[in-house]
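**Student:** Starting from these lines, generate the structure:
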Amino acid sequence: MSVLSAARDGVNRALRPFGVQMVRGHSDDPAIQPFLSARRTLAAARRAGVSVEDHIDRYSAAAGATAETVDALLRLADLGEHVERVCEIGPGSGRYAARVTAATHPDAYEIYETAGDWLPRLRSLPNVVVRPADGHTLSATATGSVDLAHAHKVFVYIPLVVTVGYLDEMARVVRPGGIVAFDVVNENCLDAATTKNWVASGATLYGMISRTWLLDRLAQRGLSLLGSHFVPLSGGRTELLVFRRA
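**Tutor:** As a prediction, the model looks like this:
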């Protein structure tokens, strides 16, 4: 059994009481990590009598985490009530997309999602444009064409080199004055209690990136930090970072 398979099996054992399971997306690329099964997640939410957003929040973060994240993004970005185009990497269940769409009413909402079982649900979103996802790039999105490029609970799980590639792509596709937003685990997220908890639990699923290095790299690509907000994550937290393109 591979290390990835063993890790996935361990995560699934921990998630079994919640009625969900992690599965691979439709790509065989090793850089694309496991995803939540749409069928099992939707069924578990129905059994619990709650929305998919609430169901995922309860086991992967904290109640209300999705709404809190989007509220923080919108407050920091100050996008207004209408934008022309949004691009999201890894929308999954669509819980962030639904809230961003309701608040900003974009003419087009581009998505890159490698987990094909979630696509039928995602296609029901207003003005959604499903882009071909290779797990590395935003190749179908024109340079300087979007008002907001964002990702949530994505860069926490994928390899650093893939994250960096996606960040370069986000900087490329956002137009001048546009917003780039995403969350990562960095040194500000790892206080003594969190570190102790993750070591004790063997939380190998999460990846970390240097905040200082990240800010310097994105500054070189014309992105300036507007602000940040800590977001709950199972056993710890991530930091939502919001940038504006010069």
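
**Student:** low pLDDT regions in this structure?
**Tutor:** Across the chain, the ranges flagged by pLDDT under 70 are 1-35.

**Student:** Try it again at 90.
**Tutor:** Within the chain, the ranges that satisfy pLDDT under 90 run 1-37, 58-62, 193-207, 233-236.

**Student:** Look up phi and psi at the residue sitting nearest the centre point of it.
**Tutor:** The chain has His152 as the residue nearest its centroid, 2.0 Å off, counting by C-alpha atoms, centre = their mean. The phi/psi pair for His152 (degrees, to the nearest 10) reads phi -140, psi 130.

**Student:** and it, what does it touch?
**Tutor:** 69, 90, 96, 182-183, 231, 240 (C-beta atoms under 8 Å, 6 or more residues apart in numbering). For every residue, glycine as well, the C-beta is placed using N, CA and C.

**Student:** and of those residues, the nearest to Glu84?
**Tutor:** Nearest to Glu84 among those is Tyr96, at 18.7 Å by C-beta to C-beta.

**Student:** unless I'm mixing things up, that closest one is touching Val86, no?
**Tutor:** No. Taking C-beta atoms under 8 Å as the definition, Tyr96 is not a contact partner of Val86, at 10.4 Å.

**Student:** and those two? which has more neighbours close in?
**Tutor:** More neighbours surround Val86 than the other of Tyr96 and Val86, with 26 against 22 (other C-beta atoms under 10 Å).

**Student:** measure the more buried one to Leu79 for me?
**Tutor:** 9 Å (C-beta to C-beta, to the nearest Å).

**Student:** quick one, strands of the protein?
**Tutor:** Secondary structure of the chain (DSSP state E): strands at 22-23, 35-36, 85-89, 108-112, 128-131, 146-151, 174-184, 223-233, 236-245.

**Student:** Could you dump these into JSON lines with distance to Arg121 added?
**Tutor:** Below are these laid out as JSON lines (distance: least, C-beta to C-beta, whole Å):
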{"stretch": "strand 22-23", "distance to Arg121": "15"}
{"stretch": "strand 35-36", "distance to Arg121": "12"}
{"stretch": "strand 85-89", "distance to Arg121": "14"}
{"stretch": "strand 108-112", "distance to Arg121": "11"}
{"stretch": "strand 128-131", "distance to Arg121": "10"}
{"stretch": "strand 146-151", "distance to Arg121": "18"}
{"stretch": "strand 174-184", "distance to Arg121": "22"}
{"stretch": "strand 223-233", "distance to Arg121": "23"}
{"stretch": "strand 236-245", "distance to Arg121": "24"}
